[in-house]
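Participant: quick one: sequence plus predicted model below, questions after.
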Amino acid sequence: MNTSTACTTLFMLALASVVHAAEIDGQWARGDGNARVRIASCGANICATNTWIKPGTPSEKAGDVLVMTIKPAAKGQYSGSAFDPQRNLNYQISLTVNGDTMVTKGCMLAGLLCKDVGWTRIK
């Protein structure tokens with residue numbers, strides 16, 4: 001691969017990352033009303049950072065981060081893995097974005113234990 005081709009390939013990969021991140025980037029409120037997160041690029045990954053947690057919500061706090069390594073699977077759909085450094089847990093994760101709504105599905109134990117969570121974009 002020559003230098004020009006390598007630069008073009010790197011540019012396209014960076015552009016794809018930015019485009020894919022743009023659809024999910026932003027502030028989101030969890031459907032149960034107990035949490036708000038900011039989703040944004042963090043290096044080569046996407047991070048969801050708790051910006052607000054309802055007082056009295058157990059085991060979560062503002063500032064907790066979920067690091068996602070995800071790729072587009074189809075229009076508005078992403079899949080990959082996520083790491084929760086606060087609890088040292090790994091998940092398989094999928095996200096489906098439809099305008100200002102998003103559903104995340106996280107699974108553990110080879111997909112035996114899964115949970116769906118609904119989110120609404122905060123404008």
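Facilitator: It's in.
Participant: okay, now the unreliable bits of the chain?
Facilitator: Flagging of the chain using pLDDT under 70 yields the residue ranges 1-22, 111.
Participant: can you pull out the strands in it?
Facilitator: Per DSSP state E, the chain carries strands over the ranges 26-30, 35-42, 45-53, 65-74, 77-84, 89-98, 101-108, 113-122.
Participant: residues in contact with K123?
Facilitator: D100 (Cβ atoms under 8 Å, 6 or more residues apart in numbering). Where C-beta positions appear, they are placed from N, C-alpha and C, glycine not excepted.
Participant: if we can go back for a sec, so which of the strands of the chain comes closest to S59?
Facilitator: strand 45-53 (9.8 Å; Cβ to Cβ).
Participant: could you spell out the sheet neighbours of that closest one, each with its direction?
Facilitator: strand 35-42 (antiparallel), strand 65-74 (antiparallel) (DSSP bridges).
Participant: now the angle from that strand to strand 89-98?
Facilitator: 90 degrees (axes from the mean of the first three to the mean of the last three Cα atoms, to 10 degrees).
Participant: please state the offset of strand 45-53 from the chain centre?
Facilitator: Put simply, strand 45-53 sits 8 Å off its chain's centre (Cα atoms, centre = their mean, to the nearest Å).
Participant: ok, and for that strand, which residues are buried?
Facilitator: Residues of strand 45-53 classed as buried: N45, I46, C47, A48, T49, N50, I53 (neighbour count, 16 or more other Cβ atoms under 10 Å).
Participant: hang on, the earlier thing: tell me which of the strands paired with strand 45-53 sits most buried.
Facilitator: strand 35-42 (a mean of 18; mean count of other Cβ atoms under 10 Å).
Participant: redo the strands paired with strand 45-53 as JSON lines? Include distance to N88.
Facilitator: Shown next, in JSON lines, are the strands paired with strand 45-53 (distance: least, Cβ to Cβ, whole Å):
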{"stretch": "strand 35-42", "distance to N88": "18"}
{"stretch": "strand 65-74", "distance to N88": "12"}
